[in-house]
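> Fold the stuff below for me.
(chains A and B)
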Amino acid sequence: AQSVTQPDIHITVSEGASLELRCNYSYGATPYLFWYVQSPGQGLQLLLKYFSGDTLVQGIKGFEAEFKRSQSSFNLRKPSVHWSDAAEYFCADRNRDDKIIFGKGTRLHILP
Amino acid sequence: EAGVTQFPSHSVIEKGQTVTLRCDPISGHDNLYWYRRVMGKEIKFLLHFVKESKQDESGMPNNRFLAERTGGTYSTLKVQPAELEDSGVYFCASSQLGGWSPLHFGNGTRLTVT
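Modelled structure (predicted):
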């Protein structure tokens, strides 16, 4: 069955440090992958998506993600985090039936 | 453009009562989805409308849940009668038909059943 795995439930980094959030997908030869962010009291905001083309994808708020087919991964990165990046991050995969499957989320904590 | 709007933002009801959640998608978006997140767990798919038709309702937990999208515009999700395990955040999302357009999510309705 299609699944998305985010192995880290919580991640804590210091402000200004680099960040990498892990995501592994299981479905299909042609995944359509997303990262969403949910800040407290807010809905899910799309950070970036990958369908085809360049495997390094740039998103909003300075985030990027790299698709690695050999590792079935789509990790999210940011070179320098800001306190406002504290939120919950969801990796997701969309199948041929237009259904999006989410990972369990990674909650990011920022130390001042 | 206006985003996906959901109403109410919060709802607290007693077990056995009925609650109706509403979602207004982005204008022109034929795809409409409902998702739910129970506390501490993943965001789970409930169902998918294409215009007014249910494309996939495989995620609906049981027959206490009824979703409608009359006229292919806004959608409602009714829970009747509500149970304690129905508590969670219900998200609505919409997207355009065709291609691989991303889903746009509303802020969710936080439902608490006591």
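> Name the nearest residue to B:I13, ignoring sequence neighbours.
Ranked by C-beta to C-beta, 6 or more residues apart in numbering or on different chains and with sequence neighbours excluded, the top spatial neighbour of B:I13 is B:V19, at 5.2 Å. (Each C-beta comes from the backbone N, C-alpha and C, glycine too.)
> Give me the distance between the two termini of stretch A:40-57.
The first residue of stretch A:40-57 is 25 Å away from its last residue (C-alpha to C-alpha, to the nearest Å).
> Please disregard the earlier target; I meant stretch B:59-66.
Start and end residues of stretch B:59-66 are separated by 12 Å (C-alpha to C-alpha).
> Buried residues, it. List them.
Judged by neighbour count (16 or more other C-beta atoms under 10 Å in any protein chain shown), stretch B:59-66 contains these buried residues: B:59-60, B:65.
> beta partners for the residue nearest the centre of chain B?
Central residue check for chain B by C-alpha atoms, centre = their mean: the C-alpha nearest the mean position is that of B:W34, 3.3 Å away. With DSSP bridges as the criterion, the beta-bridge partners of B:W34 are B:L47, B:C92.
> and what of A:Q58?
According to DSSP bridges, the partner residues bridging A:Q58 are A:E64.
> and it, how many neighbours?
11 (other C-beta atoms under 10 Å in any protein chain shown).
> Hmm, A:L48 and it touching each other?
Yes - checked against C-beta atoms under 8 Å, the pair A:Q58 and A:L48 is within contact range at 6.8 Å.
> list residues touching both of these two?
Between them, A:Q58 and A:L48 share these contacting residues under C-beta atoms under 8 Å, 6 or more residues apart in numbering or on different chains: A:E64.
> Can you read off the backbone torsions of B:D86?
Backbone torsions of B:D86, given as degrees, to the nearest 10, read phi -80, psi -10.
> should've said A:S70
The phi and psi values for A:S70, taken as degrees, to the nearest 10, are phi -60, psi -30.
> Give me the below-cutoff pLDDT ranges for the chain.
No chain was given, so I picked chain A. When residues are selected by pLDDT under 70, those of chain A lie in A:27-29.
> The intended chain is chain B.
Low-confidence segments of chain B, defined by pLDDT under 70, are located at B:1, B:99.
> on that earlier part again, hang on, isn't the residue nearest to the centre of chain B packed against B:Y90?
Yes - with contacts counted by C-beta under 8 Å, B:W34 reaches B:Y90, the gap being 6.6 Å.
> B:L21 is in contact with B:L77, isn't it?
Yes - counting by C-beta under 8 Å, B:L21 touches B:L77, with 4.5 Å between them.
> Between these two, which has more neighbouring residues?
With neighbours defined as other C-beta under 10 Å, B:L21 and B:L77 compare such that B:L77 has more, 24 against 20.
> Backbone torsions only: list them for that one.
According to degrees, to the nearest 10, the main-chain angles of B:L77 amount to phi -130, psi 110.
> which residues sit in contact with it?
In this structure, B:L77 makes contact with B:20-23, B:34, B:46, B:65-67, B:90, judged by C-beta under 8 Å, 6+ apart.
> Using JSON lines, lay out the residues you listed together with secondary structure.
Shown next, in JSON lines, are those (DSSP: H, G, I helix; E, B strand; the rest coil):
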{"residue": "B:T20", "secondary structure": "strand"}
{"residue": "B:L21", "secondary structure": "strand"}
{"residue": "B:R22", "secondary structure": "strand"}
{"residue": "B:C23", "secondary structure": "strand"}
{"residue": "B:W34", "secondary structure": "strand"}
{"residue": "B:L46", "secondary structure": "strand"}
{"residue": "B:F65", "secondary structure": "strand"}
{"residue": "B:L66", "secondary structure": "strand"}
{"residue": "B:A67", "secondary structure": "strand"}
{"residue": "B:Y90", "secondary structure": "strand"}
